[in-house]
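In: when you get a sec, could you give me coordinates for this:
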Amino acid sequence: MRASNSRKIAGLPDQLWSQRREAALNWLAFGLLLAAWNAADDGEALKRRPESLRGYSQVSVRAIARAGELQR
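Out: Residues are numbered from 1 along each chain as shown. The predicted structure is shown next:
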């Protein structure tokens with residue numbers, strides 16, 4: 001007689017399938033949480049680069065700190 005249950009065909013115990021399902025659901029929930037967090041608006045405006053550094057494609061943290069000190 002042929003087994004209709006795919007778990008029996010694969011030879012994996014029921015406990016392993018439930019653990020895999022739980023792990024997959026945990027990853028899905030984690031991904032949804034990250035997506036919601038990224039989409040959330042904190043209400044804070046993003047800080048823009050100082051005018052003196054806007055022409056550069058890459059700026060170091062040290063350069064931004066120095067430019068901030070110069071503006072004060």
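
In: from the middle of its chain, how far away would stretch 49-63 be?
Out: Its chain's C-alpha centre and that of stretch 49-63 lie 26 Å apart, by CA atoms, centre = their mean, to the nearest Å.

In: that stretch spans what distance, first to last residue?
Out: The straight-line separation of the ends of stretch 49-63 (CA to CA, to the nearest Å) is 10 Å.

In: helices along this protein, start to end?
Out: In the chain, helices defined by DSSP state H lie at 6-10, 14-39, 61-71, listed in chain order.

In: need those helices in CSV (columns: distance to residue 52 and mean neighbour count).
Out: Glycine gets a C-beta too; all of them are placed from N, C-alpha and C. Listed next are the helices of the chain as CSV, based on distance: least, CB to CB, whole Å; neighbours: other CB atoms under 10 Å:
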stretch, distance to residue 52, mean neighbour count
helix 6-10, 63, 11
helix 14-39, 30, 10
helix 61-71, 5, 11
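
In: worst average pLDDT in the ones you listed?
Out: Taking each of these in turn, the lowest mean pLDDT turns up on helix 6-10, with a mean of 59.

In: one step back: Throw the helices of the chain into TSV and include distance to residue 48, thanks.
Out: Formatted as TSV, the entries for the helices of the chain read as follows, by distance: least, CB to CB, whole Å:
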stretch	distance to residue 48
helix 6-10	55
helix 14-39	20
helix 61-71	11
